[in-house]
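J.: test case, fold it:
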Amino acid sequence: MMHDKKNKPGTTLRGLETKIRSLEKQIVRLKESLRICRKTHKELENSDAKLRLLFKTAPERIINTDLKGRILYMNYASTRNVKDIIGKHINQFIIPEERKKIKQIMDSVTQSGKKKSYEAHFIDPDGKKLFFDCTASPIKKDGQVSEILIIAANITEQKEAEAALKESEAKFRTLAEQSPNMIFIIAGDRIVYINKKCEEVMGFTKEDYYSGKVNLFQSIAPDSFEKAKKSYEKHLTGQEIPSYEYSLRTKNGDRIEAIITSRQIQYGGETATLGVITDITERKRAESALRKDHDVLEQRVKERTNELMAANLRMKQEIEERKQAERTLEERERMQRIILDSSPDAITMTDGSGTIMECNQSCIDMLGYDSKEELMGKSAFDLIVKKEQSLALKNLQQTLAKGAVKNIEYTHVKKDRTEFPCEMSASVVHDASGKAAGFVAVTKDISARKRAEQALKKSEAELRKQKLALEEKNIALREIIAQIEIEKRKIEEDVIINVELVFSPILDRLKEKQCDFEYINLLQHHLKSLTSSFGSKIMDKTLNLTPREIEICNMIKGGMTSKDISKLLNISPQTVERHRKNIRHKLGIANRRVNLTRYLRQL
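T.: Numbers count the residues shown, from 1 in each chain. Purely as a prediction, here's the structure:
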């Protein structure tokens, strides 16, 4: 007991020392933990600063709300006056008609804990309405959704571009459907668009073309197929193809003469071919009629016909000079302008009262103006002579009632007040609601056609006069021919009488004296046919017969055989046959089953 009491103080001291060392180790560990915590805190502060900088400079709108919709945070992409926004309800910046939809989306995100994407209209602090593509994501705390983070990308320009593109496509389709020309678009090996004129002229429906049941190559006439195929193959390589003429066959088999102008464009993200086909069948028929008149009329008529042909040539050159430029899907507005300006006819668009709102270059040129601005805002009635303006107003009302009028002739007035004839077709243009918004008119200068018609009428009158004169000459000529025939028959009768009275007795005496009967018979045969035209025909230089061949022709005509001829002429039968073969060749009957004796007697 005494020993234990003596050692107790030392034992206590060692225990304290052990505890002190243990505490020192804990202090070192605590310092290291504190250093790590301070480093982690600094890194978190840096990370938070980077995150705030990212939010602040992000192009998207970043909005943090609580579950009631109050704004807790908004970056500078939304507005520069962020302090004025914090604490306000998000509904203040959403258009009223979409607030219910946005609340349902927020409730769905809160309840499901999953993000949602949607499109919405926001109102800027300055009152401007913008369109956004939004994503709402939940922010969780302790496993529960406590806040919502909205990231919104501004797609206003994209939406406006889409709307403008739709409007441009609508305008293009309106003009294409009202065009007097056939218009089509081929993408790959598919027809993706044809206008109403194609259906009317070719006889097939749009469904026939779009379904692949019919393609445009099937409608090409056989004599134009290779030309069209080669041009299309050049198109596929990106080459520019000038306008050219070719022929088509409609569903019912009618042949159409046409001029095609085509260009490559971008359609639906791929390269496509835009084609404009102009029907020139009537013009071709007119040219054919003029050529026939040209063959009949005298020099004065020929000169007038040449003027008409020159006018037609100029018209063809004008049509061939038209150009269509390719444009991408976003450039449909420009493509519409090119189609308008490439038309050889004047095209104008007016409002309901007839005020000009749009026109093409052909209209400006036809009326003699320097620019489109001079025509904009002008009344279309002012372009028509005053005495026809009441008729134009009546036709305008008829267009409203029927939807369209065609081939109305007016007298137009140019800028310099000169007048010229024209032909107009007009249609009503409707707005998106189906109401009549204005008119589109296609006007053609028919001065050349009028001059051609007048020249043709003059030519016909001249032809009728000449026909009467020729008929009078024919009557006189028939009388002269009748008199000649009478005299000819008298001469033939005299010759026959002389042969019978003079030569026949002599021939009879020669026979009695037993002269060569072959020569006598031959001479007697030819005396009887003395008045025939055989001699003049057989001596024709174009036949190129030799004297020996002519002599043999006379003997064959007289009924002599090859054996008789060889004996009489003292030549071999083979030589006679060779002469007969040459005679048939020169008379053009070498390879024909024709009796030579009969043929010669019919000459």
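J.: every contact and neighbour count from this point should use C-alpha atoms.
T.: Will do.
J.: identify the bridge partners of the most centrally placed residue in the chain.
T.: Centroid-nearest residue in the chain, with Cα atoms, centre = their mean: residue 276, separated by 1.8 Å. Residue 276 has the following beta-bridge partners by DSSP bridges: residue 183, residue 261.
J.: if I look at it, how far off is residue 468?
T.: 48 Å (Cα to Cα, to the nearest Å).
J.: which residues touch the residue nearest to the centre of the chain?
T.: Contacts for residue 276 (Cα atoms under 8 Å, 6 or more residues apart in numbering) come out as 181-184, 260-262.
J.: look up how far residue 290 lies from it.
T.: For residue 276, the distance to residue 290 equals 28 Å [Cα to Cα].
J.: for residue 555, same thing?
T.: In terms of Cα to Cα, residue 555 sits 54 Å off from residue 290.
J.: now do residue 298
T.: Residue 298 is 14 Å from residue 290, by Cα to Cα.
J.: neighbour count winner among the two?
T.: Applying other Cα atoms under 10 Å to residue 298 and residue 290 shows that residue 290 carries more neighbours, namely 19 against 14.
J.: these two touch, right, that one and residue 303?
T.: No - when contacts are counted by Cα atoms under 8 Å, residue 290 is not listed as touching residue 303 (11.7 Å).
J.: would you agree residue 150 falls within a strand?
T.: Yes - under DSSP: H, G, I helix; E, B strand; the rest coil, residue 150 falls within a strand.
J.: and the residue nearest to it when sequence neighbours are not counted, helix, strand or coil?
T.: Spatial nearest neighbour of residue 150, chain neighbours left out: residue 136 (4.5 Å); criterion: Cα to Cα, 6 or more residues apart in numbering. Using three-state DSSP, the structure places residue 136 in strand.
J.: ok, residue 136 - contacts?
T.: Neighbour list for residue 136: 106, 109, 115-117, 148-151 [criterion: Cα under 8 Å, 6+ apart].
J.: what do you get if the cut-off is 10 Å, keeping everything else the same?
T.: If you count contacts by Cα atoms under 10 Å, 6 or more residues apart in numbering, residue 136 has them with 63-64, 102, 105-106, 109-110, 114-118, 148-152.
J.: any of the residues you listed buried? List them.
T.: 63-64, 102, 105-106, 109-110, 115-116, 148-152 (16 or more other Cα atoms under 10 Å).
J.: domains of this structure?
T.: 8-57, 61-154, 162-320, 345-445, 486-601 (automatic domain parsing).
J.: go through these and name the closest to residue 459.
T.: Among those, the nearest to residue 459 by Cα to Cα is domain 162-320 (5.8 Å).
J.: can you give me the end-to-end distance of that closest one?
T.: End-to-end for domain 162-320, by Cα to Cα: 35 Å.
J.: again with stretch 374-386
T.: First-to-last distance for stretch 374-386 - Cα to Cα - comes to 20 Å.
J.: how deep is residue 587 tucked in, by neighbour count?
T.: Residue 587 is flanked by 16 other residues according to other Cα under 10 Å.
J.: isn't it up against residue 549?
T.: No - taking contacts as Cα atoms under 10 Å, residue 587 lies outside contact range of residue 549: 11.5 Å.
J.: any shared contact partners between the two?
T.: Common neighbours of residue 587 and residue 549 (Cα under 10 Å, 6+ apart) are residue 538.
J.: the residue nearest to residue 150 bridge partners, please.
T.: Here residue 136, judged by DSSP bridges, has bridge partners residue 116, residue 150.
J.: so how far is residue 148 from it?
T.: Relative to residue 148, residue 136 is positioned 7 Å away (Cα to Cα).
J.: joint contacts of the two?
T.: Common neighbours of residue 136 and residue 148 (Cα under 10 Å, 6+ apart) are 63-64, 106, 109-110, 115.
J.: how about these, which pair is most distant?
T.: Using Cα to Cα, the two most remote members of those are 63 and 110, lying 15.7 Å apart.
J.: identify the residues contacting the spatially closest residue to residue 463 that is not a sequence neighbour.
T.: Leaving aside its chain neighbours, residue 463 sits nearest to residue 297 (6.4 Å; criterion: Cα to Cα, 6+ apart). Residues near residue 297 by Cα under 10 Å, 6+ apart: 303-305, 459-460, 462-463, 466.
J.: tell me the most packed of these, by neighbour count.
T.: In those, the most neighbours by other Cα under 10 Å go to residue 305, 23 neighbours.
J.: for that residue, give me its contacts.
T.: 287, 290-291, 293-295, 297, 299, 311, 452, 455-456, 459.
J.: same check, this time on residue 129
T.: Residue 129 makes contacts with 93-95, 121-123, 156, as judged by Cα under 10 Å, 6+ apart.
J.: beta partners for it?
T.: Here residue 129, judged by DSSP bridges, has bridge partners residue 123.
J.: who touches stretch 386-395?
T.: Stretch 386-395 has contacts (Cα under 10 Å, 6+ apart) with 353-354, 380-385, 396, 398-399, 401, 404-405, 408-413, 426.
J.: give me the low-pLDDT residue ranges for the stretch 151-300 of the chain?
T.: 165, 168-169, 268-269 (pLDDT under 70).
J.: can you rerun that using 50?
T.: Along the stretch 151-300 of the chain, segments meeting pLDDT under 50 are nowhere present.
J.: which stretches of it form strands?
T.: With DSSP state E, counting those that start in this stretch as the criterion, the stretch 151-300 of the chain has strands at 182-187, 190-194, 244-249, 255-267, 270-279.
J.: in the stretch 301-450 of the chain, where is pLDDT below threshold?
T.: Those would be 325, if you go by pLDDT under 50 across the stretch 301-450 of the chain.
J.: mind listing the strands for it?
T.: According to DSSP E, counting those that start in this stretch, the strands that the stretch 301-450 of the chain contains are 346-351, 356-359, 404-413, 419-430, 436-445.
J.: what's the spacing between the shortest one and its chain's center?
T.: When distances are taken as Cα atoms, centre = their mean, to the nearest Å, strand 356-359 is centred 24 Å away from the chain's centroid.
J.: what of stretch 64-73?
T.: Using Cα atoms, centre = their mean, the offset of stretch 64-73 from its chain centre is 59 Å.
J.: in it, what's buried?
T.: Neighbour-count burial for stretch 64-73 [16+ other Cα under 10 Å]: 64-67, 69-73.
J.: do the same with stretch 363-374
T.: Those would be 363-364, 366-367, 369, for stretch 363-374 by 16+ other Cα under 10 Å.
J.: which residues outside that stretch are in contact with it?
T.: 340-341, 343-348, 357-362, 375, 383, 412-420, 442-445.
J.: cutoff 7 Å now
T.: Contact with stretch 363-374 is made by 346-347, 414-415, as judged by Cα atoms under 7 Å, 6 or more residues apart in numbering.
J.: tell me who's in contact with residue 437.
T.: With Cα under 7 Å, 6+ apart, residue 437 has these contacts: 351-352, 429-431.
J.: so it versus residue 430, what's the distance?
T.: Distance from residue 437 to residue 430, by Cα to Cα: 5 Å.
J.: same question for residue 590.
T.: Taken as Cα to Cα, the span from residue 590 to residue 430 is 77 Å.
J.: can you report how many residues lie near residue 101?
T.: 12.
J.: tell me the SS of it?
T.: helix.
J.: let's have the chain start at 530 instead
T.: Noted, 530 is the first residue going forward, which turns the last one into residue 630.
J.: separation between it and residue 647?
T.: Taken as Cα to Cα, the span from residue 630 to residue 647 is 10 Å.
J.: want to try JSON lines for the contacts of residue 826, with distance to residue 747 as columns?
T.: Below are the contacts of residue 826 laid out as JSON lines (distance: Cα to Cα, whole Å):
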{"residue": "832", "distance to residue 747": "42"}
{"residue": "833", "distance to residue 747": "41"}
{"residue": "834", "distance to residue 747": "37"}
{"residue": "988", "distance to residue 747": "42"}
{"residue": "989", "distance to residue 747": "41"}
{"residue": "991", "distance to residue 747": "46"}
{"residue": "992", "distance to residue 747": "44"}
{"residue": "995", "distance to residue 747": "48"}
